[in-house]
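J.: I'll drop the sequence and a predicted model, then ask my questions.
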Amino acid sequence: MACGSSGDDAKDDAKSESPAASKQGGKDDQEEPQTPEGSESDGPPSDGTDSGEGATEVTGPHPSAADLEKAAVTAADVKAAGYTVKKPSASDMEGMGEEKAKKPACTPLADLLGGTPTTPEPAAKVLRQLNSTDDEATDRAPAVFTFLLSYGEKAGTSYVAALKGAVEACADGFETTTRSGGKAYKEAKEIEAPAPDAGDEAYSYELAGDLGGMAVPLDFHVVRKGRTVAVFYAMGLEPGAPAKVPGEAVEAQVNKLK
């Protein structure tokens with residue numbers, strides 16, 4: 001995500017510095033670098049204890065990286081919704097995790113912007129990019145990314161709770177730092193979920209980004225199902241373009257989770 005560009009470069013920066021660093025129009029025939037597999041019996045590196053109000057404790061082994069690969073949404077799963085799926089390449093993944101929040105309370109939001117959740121850190125993760133198959137709508141269609149995060153016991157519910165707390169604490173906006181400079185987000189707020197009944201727990205929020213004076217909405221939909229957390233992230237790439245996570249894609253992905 002680029003928030004320091006201006007003029008016509010803003011759109012290109014937004015595409016190239018997104019979590020997958022991928023451009024719209026990619027296909028699903030690229031190879032993804034191997035993700036280290038998580039342990040089948042041990043919990044994730046960090047488990048957390050605050051499960052949030054109404055959260056359900058989930059016990060048992062967390063999904064491995066191989067499990068997440070099998071569960072990741074495919075082009076066939078979202079074809080009817082008008083999307084195809086791309087696996088990010090190694091070069092696409094460069095720069096992930098560089099964005100850091102200046103305000104500690106906003107760390108969960110900044111980490112997810114960079115595709116590197118740390119509160120708590122998942123045992124394994126996979127990433128996909130969803131692209132519109134409508135050539136006429138491609139320029140205005142949002143860039144959509146989905147993460148599958150593997151957690152054990154209470155960590156999944158703790159992660160959702162951490163995001164909720166960060167949105168409340170950073171409602172008036174926050175700033176981040178990167179190797180190339182700083183970025184600013186003017187607002188964080190809870191929004192209506194595109195698929196509120198999907199999974200065991202769901203939460204949606206929006207960040208108001210700023211690319212060289214151009215307002216860029218960033219919508220996130222987070223769904224926990226069992227020991228897996230699915231994150232859907234949509235970014236508007238044109239002035240006035242929507243950044244809505246497609247509910248059909250959410251349901252297609254969550255239906256594949258165990």
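T.: Sure, I can see it.
J.: Tell me which residues touch the closest residue in space to Pro142 that isn't next to it in sequence, please.
T.: Nearest non-adjacent residue to Pro142, counting by Cβ to Cβ, 6 or more residues apart in numbering: Ala234, 4.1 Å away. Where C-beta positions appear, they are placed from N, C-alpha and C, glycine not excepted. Contacts for Ala234 (Cβ atoms under 8 Å, 6 or more residues apart in numbering) come out as Pro142, Ala143, Val144, Phe145, Leu218, Asp219, Phe220, Ala243, Lys244, Val245, Pro246.
J.: Please report how far Ala234 lies from Val144.
T.: Distance of Ala234 to Val144, given as Cβ to Cβ, to the nearest Å: 5 Å.
J.: intersection of neighbour lists for the two?
T.: Joint contacts of Ala234 and Val144 (Cβ under 8 Å, 6+ apart) are Val245, Pro246.
J.: what's in contact with stretch 165-185?
T.: Against stretch 165-185 from outside (Cβ under 8 Å, 6+ apart): 1-4, 98-103, 105-110, 113, 186-190, 205, 207-210, 218.
J.: What is the distance between whichever strand or helix holds Ala162 and the centre of its chain?
T.: Secondary structure assigned from DSSP states H and E places Ala162 in helix 155-169. From the chain centre to the centre of helix 155-169 is a distance of 14 Å (Cα atoms, centre = their mean, to the nearest Å).
J.: Show me the helices in the protein, by range?
T.: Here the chain has its helices, by DSSP state H, at 9-16, 65-71, 75-78, 107-113, 155-169, 247-254.
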